[in-house]
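Enquirer: Could you work out the structure for the sequence below:
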Amino acid sequence: MEKITPIVKEYGRHWTVKESFYRGKYHTFDILEELTEPLNAQGLSDNYNENKPKEKHYPANSLIMGSIMDSAVISKNSSLINFLRETIRKKSPNTLSEMVYFLNENGKAVHNFGTLDEFWLYGKNLVGQDGFIQNLNNVEDILRISLGRNNIFKLNEISQAINKTNMYLCRLNGKPNGVDKRVVGFSADLDGFCLTCNTKSLSSRYPAFRVLQVD
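Expert: Numbers count the residues shown, from 1 in each chain. Prediction:
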(Lines give C-alpha, C1' and ligand atoms only; values in the text may rest on other atoms or scores of the structure.)
Protein backbone atom coordinates (compact mmCIF):
# COMPACT_ATOMS: atom_id res chain seq x y z
CA MET A 1 0.00 0.00 0.00
CA GLU A 2 1.27 3.47 -0.92
CA LYS A 3 2.28 5.51 2.11
CA ILE A 4 0.30 8.71 2.61
CA THR A 5 1.48 11.58 4.79
CA PRO A 6 -0.96 12.43 7.61
CA ILE A 7 -2.42 15.93 7.82
CA VAL A 8 -3.18 17.41 11.24
CA LYS A 9 -5.19 20.59 11.75
CA GLU A 10 -6.01 22.31 15.02
CA TYR A 11 -9.44 23.81 15.62
CA GLY A 12 -9.43 25.48 19.02
CA ARG A 13 -9.92 22.68 21.54
CA HIS A 14 -9.62 19.74 19.15
CA TRP A 15 -7.49 18.37 16.31
CA THR A 16 -8.48 16.63 13.10
CA VAL A 17 -6.01 13.95 12.03
CA LYS A 18 -6.40 12.93 8.37
CA GLU A 19 -4.79 9.94 6.65
CA SER A 20 -3.99 8.21 9.95
CA PHE A 21 -3.10 4.52 9.46
CA TYR A 22 -5.35 2.27 11.57
CA ARG A 23 -6.19 -1.41 11.11
CA GLY A 24 -4.75 -1.57 7.61
CA LYS A 25 -6.46 1.52 6.21
CA TYR A 26 -6.18 5.31 6.31
CA HIS A 27 -8.80 7.10 8.39
CA THR A 28 -9.66 10.53 9.77
CA PHE A 29 -9.94 10.99 13.52
CA ASP A 30 -10.93 13.95 15.65
CA ILE A 31 -9.36 14.13 19.11
CA LEU A 32 -10.57 16.47 21.85
CA GLU A 33 -8.45 18.41 24.30
CA GLU A 34 -10.92 17.49 27.05
CA LEU A 35 -10.53 13.93 28.32
CA THR A 36 -13.17 11.78 29.97
CA GLU A 37 -13.57 11.91 33.71
CA PRO A 38 -11.53 9.27 35.58
CA LEU A 39 -13.19 5.94 34.73
CA ASN A 40 -12.64 2.28 35.46
CA ALA A 41 -12.93 -0.39 32.76
CA GLN A 42 -16.72 -0.66 33.03
CA GLY A 43 -17.05 3.10 32.95
CA LEU A 44 -14.99 3.32 29.76
CA SER A 45 -17.24 0.76 28.05
CA ASP A 46 -20.38 2.54 29.26
CA ASN A 47 -19.09 5.89 28.01
CA TYR A 48 -18.39 4.42 24.57
CA ASN A 49 -21.77 2.70 24.37
CA GLU A 50 -23.53 5.94 25.29
CA ASN A 51 -21.65 8.28 22.94
CA LYS A 52 -20.68 6.25 19.86
CA PRO A 53 -24.29 5.74 18.62
CA LYS A 54 -24.85 9.51 18.95
CA GLU A 55 -21.70 10.20 16.88
CA LYS A 56 -20.15 11.92 19.88
CA HIS A 57 -16.53 11.55 20.98
CA TYR A 58 -15.79 8.38 22.94
CA PRO A 59 -12.81 6.79 24.77
CA ALA A 60 -9.99 5.83 22.40
CA ASN A 61 -8.55 2.35 22.25
CA SER A 62 -4.77 1.94 22.29
CA LEU A 63 -4.55 1.17 18.55
CA ILE A 64 -6.18 4.49 17.71
CA MET A 65 -3.82 6.31 20.06
CA GLY A 66 -0.84 4.57 18.47
CA SER A 67 -2.09 5.79 15.11
CA ILE A 68 -2.71 9.35 16.28
CA MET A 69 0.70 9.57 17.98
CA ASP A 70 2.39 8.31 14.83
CA SER A 71 0.47 10.82 12.70
CA ALA A 72 1.27 13.72 15.02
CA VAL A 73 4.99 12.97 14.78
CA ILE A 74 5.06 12.38 11.01
CA SER A 75 3.14 15.61 10.40
CA LYS A 76 5.36 17.47 12.92
CA ASN A 77 2.30 19.14 14.42
CA SER A 78 3.78 20.75 17.51
CA SER A 79 0.48 21.63 19.21
CA LEU A 80 -0.79 18.04 19.10
CA ILE A 81 2.60 16.66 20.13
CA ASN A 82 2.74 19.07 23.08
CA PHE A 83 -0.82 18.16 24.08
CA LEU A 84 -0.01 14.45 24.04
CA ARG A 85 3.17 15.03 26.08
CA GLU A 86 1.55 17.14 28.77
CA THR A 87 -1.56 14.98 29.04
CA ILE A 88 0.29 11.67 29.27
CA ARG A 89 2.73 13.07 31.83
CA LYS A 90 0.06 14.63 34.02
CA LYS A 91 -2.89 12.26 33.69
CA SER A 92 -1.56 8.76 32.80
CA PRO A 93 -4.59 8.05 30.61
CA ASN A 94 -6.36 4.74 30.20
CA THR A 95 -7.58 3.38 26.86
CA LEU A 96 -10.52 1.26 25.81
CA SER A 97 -8.12 -1.68 25.35
CA GLU A 98 -7.44 -4.59 27.63
CA MET A 99 -4.41 -6.90 27.73
CA VAL A 100 -5.44 -10.47 28.56
CA TYR A 101 -2.66 -12.81 29.68
CA PHE A 102 -3.16 -16.58 29.40
CA LEU A 103 -1.62 -19.34 31.53
CA ASN A 104 0.77 -20.26 28.68
CA GLU A 105 2.08 -16.64 28.67
CA ASN A 106 0.40 -15.91 25.35
CA GLY A 107 -2.69 -13.74 25.23
CA LYS A 108 -4.69 -11.13 23.38
CA ALA A 109 -5.45 -7.42 23.30
CA VAL A 110 -9.19 -6.72 23.40
CA HIS A 111 -10.02 -3.37 21.83
CA ASN A 112 -13.28 -1.50 22.45
CA PHE A 113 -13.88 -4.06 25.20
CA GLY A 114 -17.41 -4.36 26.54
CA THR A 115 -18.97 -2.82 23.40
CA LEU A 116 -20.63 -4.10 20.24
CA ASP A 117 -17.49 -2.98 18.38
CA GLU A 118 -15.17 -5.20 20.44
CA PHE A 119 -12.41 -6.98 18.54
CA TRP A 120 -9.19 -8.69 19.55
CA LEU A 121 -5.68 -9.41 18.34
CA TYR A 122 -3.76 -12.47 19.56
CA GLY A 123 -0.08 -12.51 20.49
CA LYS A 124 2.59 -14.87 21.79
CA ASN A 125 5.16 -14.50 24.57
CA LEU A 126 3.46 -11.47 26.12
CA VAL A 127 4.92 -12.05 29.59
CA GLY A 128 8.43 -10.79 30.39
CA GLN A 129 10.59 -8.13 31.96
CA ASP A 130 9.81 -4.42 32.02
CA GLY A 131 12.25 -2.05 30.38
CA PHE A 132 13.10 0.10 27.41
CA ILE A 133 11.82 -1.73 24.36
CA GLN A 134 15.17 -1.83 22.55
CA ASN A 135 16.64 -3.81 25.48
CA LEU A 136 13.89 -6.46 25.76
CA ASN A 137 13.22 -9.84 24.20
CA ASN A 138 9.83 -10.95 22.89
CA VAL A 139 8.27 -7.50 22.58
CA GLU A 140 7.18 -7.60 18.93
CA ASP A 141 3.77 -9.20 19.55
CA ILE A 142 2.75 -7.17 22.58
CA LEU A 143 3.65 -3.95 20.75
CA ARG A 144 1.82 -5.05 17.59
CA ILE A 145 -1.43 -6.01 19.33
CA SER A 146 -1.49 -2.96 21.61
CA LEU A 147 -0.22 -0.17 19.32
CA GLY A 148 -0.66 -1.61 15.84
CA ARG A 149 3.04 -1.20 15.08
CA ASN A 150 6.13 -3.01 16.37
CA ASN A 151 9.10 -1.39 14.66
CA ILE A 152 11.24 -0.59 17.69
CA PHE A 153 13.26 2.11 15.93
CA LYS A 154 10.07 3.82 14.73
CA LEU A 155 8.36 3.57 18.14
CA ASN A 156 11.38 5.14 19.80
CA GLU A 157 11.24 7.93 17.23
CA ILE A 158 7.62 8.56 18.23
CA SER A 159 8.52 8.42 21.93
CA GLN A 160 11.47 10.78 21.46
CA ALA A 161 9.33 13.30 19.60
CA ILE A 162 6.58 13.24 22.22
CA ASN A 163 8.50 12.75 25.47
CA LYS A 164 12.19 13.16 24.55
CA THR A 165 12.90 9.63 25.84
CA ASN A 166 12.78 6.11 24.45
CA MET A 167 9.69 3.96 24.93
CA TYR A 168 9.38 1.83 28.06
CA LEU A 169 7.16 -1.25 28.39
CA CYS A 170 5.42 -2.40 31.56
CA ARG A 171 3.91 -5.88 31.25
CA LEU A 172 3.15 -8.94 33.35
CA ASN A 173 6.54 -10.17 34.59
CA GLY A 174 5.71 -13.80 35.43
CA LYS A 175 3.34 -16.59 34.49
CA PRO A 176 -0.17 -15.73 35.71
CA ASN A 177 -2.08 -18.02 38.07
CA GLY A 178 -5.10 -17.73 35.77
CA VAL A 179 -6.36 -15.47 33.01
CA ASP A 180 -5.14 -12.00 33.99
CA LYS A 181 -6.76 -8.84 32.55
CA ARG A 182 -5.26 -5.35 32.65
CA VAL A 183 -6.25 -2.05 31.04
CA VAL A 184 -3.75 -0.73 28.50
CA GLY A 185 -2.67 2.84 29.13
CA PHE A 186 0.15 5.35 28.96
CA SER A 187 2.31 7.22 31.44
CA ALA A 188 5.42 9.35 31.10
CA ASP A 189 8.00 11.33 33.02
CA LEU A 190 11.51 12.62 32.35
CA ASP A 191 12.88 9.07 32.50
CA GLY A 192 10.63 7.35 29.97
CA PHE A 193 7.41 7.09 27.98
CA CYS A 194 5.65 3.95 29.24
CA LEU A 195 3.18 1.72 27.48
CA THR A 196 1.44 0.23 30.51
CA CYS A 197 0.10 -3.30 29.97
CA ASN A 198 0.27 -4.39 33.61
CA THR A 199 -0.07 -1.62 36.18
CA LYS A 200 -3.73 -0.67 35.63
CA SER A 201 -6.35 -3.08 36.94
CA LEU A 202 -9.93 -3.14 35.66
CA SER A 203 -10.97 -1.16 38.73
CA SER A 204 -8.34 1.58 38.30
CA ARG A 205 -9.82 4.97 37.49
CA TYR A 206 -8.03 7.20 35.00
CA PRO A 207 -9.25 9.60 32.29
CA ALA A 208 -9.07 8.59 28.63
CA PHE A 209 -8.52 10.47 25.37
CA ARG A 210 -11.79 11.18 23.55
CA VAL A 211 -11.90 10.59 19.81
CA LEU A 212 -14.32 10.33 16.92
CA GLN A 213 -13.60 8.35 13.77
CA VAL A 214 -14.83 10.56 10.96
CA ASP A 215 -14.17 8.12 8.10
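Enquirer: Walk me through the domains of the chain.
Expert: 7-93+207-213, 94-196 (automatic domain parsing).
Enquirer: I'd like these as a markdown table, with mean pLDDT and mean neighbour count appended.
Expert: Where you see a C-beta, it was placed from the backbone N, CA and C, and this is true even at glycine. Shown next, in a markdown table, are the domains of the chain (pLDDT from 0 to 100; neighbours: other C-beta atoms under 10 Å):
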| stretch | mean pLDDT | mean neighbour count |
| --- | --- | --- |
| domain 7-93+207-213 | 96 | 19 |
| domain 94-196 | 97 | 19 |
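Enquirer: what ranges do the helices span in this protein?
Expert: With helices called from DSSP state H, the chain shows them at 41-51, 62-75, 78-91, 140-147, 152-163.
Enquirer: Run through the neighbouring helices and strands of the third one.
Expert: Think helix 78-91. strand 7-11, strand 14-22, helix 62-75, helix 152-163, strand 180-189 (3 or more C-beta pairs under 8 Å, 6 or more residues apart in numbering; DSSP states H and E).
Enquirer: Can you tell me which of those is nearest to Trp120?
Expert: Closest to Trp120 of the helices and strands packed on helix 78-91 is helix 62-75 (C-beta to C-beta; 11.1 Å).
Enquirer: Of the helices of the chain, which is nearest Pro6?
Expert: Nearest of the helices of the chain (C-beta to C-beta): helix 62-75, 3.6 Å.
Enquirer: how much space is there between Arg89 and Ser204?
Expert: As for Arg89, its distance to Ser204 is 18 Å (criterion: C-beta to C-beta, to the nearest Å).
Enquirer: What of Asp70?
Expert: 26 Å.
Enquirer: again, but for Asp30
Expert: From Asp30 over to Ser204 (counting by C-beta to C-beta), the distance is 26 Å.
Enquirer: now swap in Cys197 and tell me
Expert: Plainly put, Cys197 is 13 Å away from Ser204 if you go by C-beta to C-beta.
Enquirer: coming back round to it: need the helices of the chain in JSON lines with distance to Leu121, can you?
Expert: As requested, those are exported to JSON lines (distance: least, C-beta to C-beta, whole Å):
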{"stretch": "helix 41-51", "distance to Leu121": "18"}
{"stretch": "helix 62-75", "distance to Leu121": "8"}
{"stretch": "helix 78-91", "distance to Leu121": "23"}
{"stretch": "helix 140-147", "distance to Leu121": "4"}
{"stretch": "helix 152-163", "distance to Leu121": "17"}
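Enquirer: one step back: compare Cys197 and Ser204 (neighbour count), which wins?
Expert: Neighbour count, other C-beta atoms under 10 Å: between Cys197 and Ser204, Cys197 has more, with 27 against 17.
Enquirer: Got phi/psi on the more buried one?
Expert: Dihedral pair for Cys197: phi -120, psi 20, per degrees, to the nearest 10.
Enquirer: How about the contacts made by Asn112?
Expert: Shown in contact with Asn112 (C-beta atoms under 8 Å, 6 or more residues apart in numbering): 48, 61, 96-97, 118-119.
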